[in-house]
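In: below are the sequence and a predicted model for it; my questions follow.
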Amino acid sequence: MTIAGPLDQDSFDTGHAQMSACPACVAAPSAERIAQMAPPKDARLMFSLPMAHCAACISTVETGLQAVPGVHSARVNLTMKRVSVDADPTVTAPQLIAALKGVGYEAHELDAGLLSATETDKQGRDLLMRLGVAFFSMMNVMLLSIAVWSGAEAATRDMFHWISAAIAIPTVIFSGQPFFKSAWASLRVGRLGMDVPISLALILASSISLFETIYSGHHAYFDAAVMLSFFLLLGRYLDHRTRAVARSAAEELAALEVPRASVLLDGAEVVRPISEVVAGDLVRVRPGGRMPVDGEIVEGASEVDRSLLTGESLPVFAGVGMLVSAGEVNLTGPLTLRVTAAGKDSSLHRMADLVAIAESAKTKYTSLAERAARLYSPLVHIMSFGAFGYWMWQTGGDVRFAINISAAVLIITCPCALGLAVPAVVTAASGKLFRKGLLIKNGTALERLAEVDTVVFDKTGTLTMGAPEVTNLADHPRPAVEVAAALALASSHPLATALAQGARAAGITPADLTDVQEVPGYGIQALWRGQPVRLGRAIWVGAEALDQTATYLAAGEGKPRAFTFEDRIRPGAETAIAALKAQGKDIRLISGDVEGAVANLAGRLGIADWMSGALPAEKVSLVRSLTLSGRRVLMVGDGLNDTAALAAAHVSISPATALDAARTASDIVLLGQDMAPIGDATRIARQATRRMVENFGISAAYNVIAVPLALVGSATPLAAALAMSLSSITVSLNALRLK
Amino acid sequence: MEILTILIPVSLILGGVGLIAFFWAMKNKQFEDPSGDANRILMKDWDDKPKP
């Protein structure tokens, strides 16, 4: 039935409703039909542009992309910092990323399929629509209310009240729905959420005003009811937007994991989803590809990059009989693997399980807003009912008067400012950080970031770019460098690329070589002026291996020469660490790489406390033991080996180049290459939390003044309107003070 | 006070026009990229002739 289900659906969709007894009979024509129905359509590509910030950027990017043949149109969205491109199907994403790099912009591909789901942000539009209606009504009702407050009498006042009612009541019914729904949901599970008093205030204010209007009373709270809906919806909308922006940008950076594998069946390659690969299958991995499964190499020789799994910065030799794990990158030669574990059993998946365990062990953080709401909801209800009871007793059963007082109390204490206090600050702060290239994925991340006192960094790919840089080019005679550069050009191995790049930067023209040949897993060999030359592993060229990252050149007579490399430090890493130190944070470095490389980097960055050769579980236990000793840990990492530690930390940051799993596990994503914003982030987070607390203070202060007035029955609609709008505006302005 | 019979409908209609304009803007995705639009008016690319 599981097979027949989707097929029936398919034949139904395309208008061929006849059911077939044999599912396979339907399968073949239906596949054909799908192929016919989907002619090659224009590709729609999306890229994230973390560096775009001005009008000139829009121009440069759009004209730069339009210059690429096959591109029909390109449009930058500066708010979301992305560009969408309509192009021929032949145009590929890497091509456009290269074009963007050519005009000076860093770009990451986004998954357009996933994006279209959030682009039509239904919930956001819905809230905005309700907000617009509430704003329109607020303005109109306020106009009429001012006439009443300034002394309209008798029939005029009643008419104004009636018109207000005609505008306000439909508005409250329409705009108040988000609150009514959530209040009902929380009441059903027996909780008193923030939305319960809000809904109560909205309903009570509208109905008591309608009652007063019918009996031509003096006071109607229609303006208060619509104003409440407006300010509360504003807070709700800001809150929603922060989360929507974060979600769309963070989760849709295109997936790095391979969902498919090329399986060898009787000598032919068949592309299969990983879920269908079983142990014992033969899988082929091309150079540059990521291992989809765990396996043993049965054919081929190459080098593999394990940095994302273990943090090792050096590629490792891989030959027949060696074991490789899913997630490693094949660098130089094609490999054939016999699958030992795929899917759920693969090491990649086990790592993900580790994350799940860490996530579940994470104590749930109670945000400032939740704590405030917990205190606030019962208090408001008690006061309102208390006022009702007291005035019933005092006036000897005057229900109308008592309800009026209790409605006034509810309206005045209604959390306009409270509802804006946190969203306004979070919006201001995350907007500020977004412009600096940091994306806040989680609403409470800012509050948690503010509490951090210890920062743990990963090395490879986080503090370093994960790309080596040649260091001793000048130590070698020019002809040797020319030969090395020419050899390096023939390979896509990271060290070779780095060497070729270094030589180009130094203005060296590669020598003329013949018979250039790459020996996968070992290096490159060629003939230079009739002599054999080799660039590659120490053993292969006959050199003594140094204890640092290096590649070796054997050319003519004399000892082989070593070209040494260093992993380039991420731009802004020094600034970020200096800033964090200045804020009195304890900095640690923990890496899966070898001791030499870690010690070197720690020395260069001035980190005293470091640890090398750490396994993923050790990273987690370090974070956990720090947490147990009462510290609040910020973890910054990018690899799969960091993922569990990222999830276990109080708050975590990962760069945009990190693996999917790492980005998902972290609370904040660093969009650009530059790391310096991390220093600002902790500062802004601290400031933002202070503003939130101040905002709670401000709204409490307004209540302290206004609530006694309401309780003794001397609060007029004018006083309620003043208290409400003044406190909301003060709170918003306070949020904008963020620097 | 008879003037009110004209002024109040006028004010309501004007407000309603604003509301309809807002709905139109929402439907036509005018709020998709506020900061981009703010910057685009500074561009000189299509000053001589409109974009084809």
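Out: That came in fine, so what should we check first? Numbers count the residues shown, from 1 in each chain, chains lettered A, B, ... in the order given.

In: could you pull up the mean pLDDT of the longest helix seen in chain B?
Out: Longest helix in chain B, counting residues (DSSP state H): helix B:4-27. The average pLDDT within helix B:4-27 is 87.

In: and the residue in chain B that chain A sits nearest to, what does it touch?
Out: Nearest residue of chain B to chain A: B:Gly36, at 3.4 Å (Cβ to the nearest Cβ). From N, CA and C alone the C-beta is placed, and that goes for glycine too. Taking Cβ atoms under 8 Å, 6 or more residues apart in numbering or on different chains as the contact definition, B:Gly36 lies against A:Ile58, A:Val76, A:Asn77, A:Leu78, A:Thr79.

In: for A:Ala417, see how far away A:Phe135 is.
Out: 18 Å (Cβ to Cβ, to the nearest Å).

In: look at the two and report which has more neighbours.
Out: A:Ala417 (29 against 22; other Cβ atoms under 10 Å in any protein chain shown).

In: which SS state does A:Arg568 fall under?
Out: strand (DSSP: H, G, I helix; E, B strand; the rest coil).

In: what's the neighbour count on it?
Out: Using other Cβ under 10 Å, A:Arg568 has 14 neighbouring residues.

In: my guess is it contacts A:Met465, does it?
Out: Yes. In this structure, A:Arg568 is within contact of A:Met465 by Cβ atoms under 8 Å, at 4.7 Å.

In: sorry, back to before: which helices and strands sit right next to the longest helix of chain B?
Out: Contact here means 3 or more Cβ pairs under 8 Å, 6 or more residues apart in numbering or on different chains; DSSP states H and E; on that basis helix B:4-27 packs against helix A:122-149, helix A:154-175.

In: report the rounded mean pLDDT for the longest one.
Out: Read it as helix A:122-149. Rounded mean pLDDT across helix A:122-149 is 86.

In: go on, the last one?
Out: The predicted model assigns helix A:154-175 a mean pLDDT of 88.

In: ok so, going back, compare the helices and strands packed on helix B:4-27 and give me the one nearest A:Leu626.
Out: helix A:122-149 (38.2 Å; Cβ to Cβ).

In: for chain B, what's the nearest residue on the stretch 501-650 of chain A?
Out: Closest point on the stretch 501-650 of chain A to chain B, by Cβ to the nearest Cβ, is A:Gly572, at 23.8 Å.

In: which non-adjacent residue is nearest that residue?
Out: Excluding the flanking residues, the one nearest A:Gly572 by Cβ to Cβ, 6 or more residues apart in numbering or on different chains is A:Ala676, at 3.3 Å.

In: I figured that neighbour hits A:Thr575, correct?
Out: Yes. The criterion here is Cβ under 8 Å, and A:Ala676 meets it with A:Thr575 at 4.3 Å.

In: which of these two has more neighbours?
Out: A:Ala676 (21 against 16).

In: what pLDDT does the more buried one get?
Out: On the pLDDT scale, A:Ala676 gets 87.

In: circling back: can you count the residues close to the residue of the stretch 501-650 of chain A closest to chain B?
Out: As a measure of burial, A:Gly572 has 19 neighbours, counting by other Cβ under 10 Å.

In: my read is that it contacts A:Met675, right?
Out: Yes. Judged on Cβ under 8 Å, A:Gly572 makes contact with A:Met675 at a distance of 4.0 Å.

In: give the residues shared as contacts by those two.
Out: Joint contacts of A:Gly572 and A:Met675 (Cβ under 8 Å, 6+ apart) do not exist.

In: list the contacts for the closest residue in space to A:Val293 that isn't next to it in sequence?
Out: Among residues not flanking A:Val293 along the chain, A:Ala342 sits closest, at 4.2 Å (Cβ to Cβ, 6+ apart). Counting by Cβ under 8 Å, 6+ apart, A:Ala342 touches A:Ala261, A:Ile274, A:Val277, A:Val278, A:Ala279, A:Asp281, A:Pro292, A:Val293, A:Asp294, A:Ala326.

In: about what we covered before: from the chain's centre, how far out does the longest helix of chain B sit?
Out: Put simply, helix B:4-27 sits 12 Å off its chain's centre (Cα atoms, centre = their mean, to the nearest Å).

In: now tell me what touches it from outside.
Out: A:125, A:128-129, A:132-133, A:136, A:139-140, A:143, A:156, A:159, A:163, A:167, B:31.
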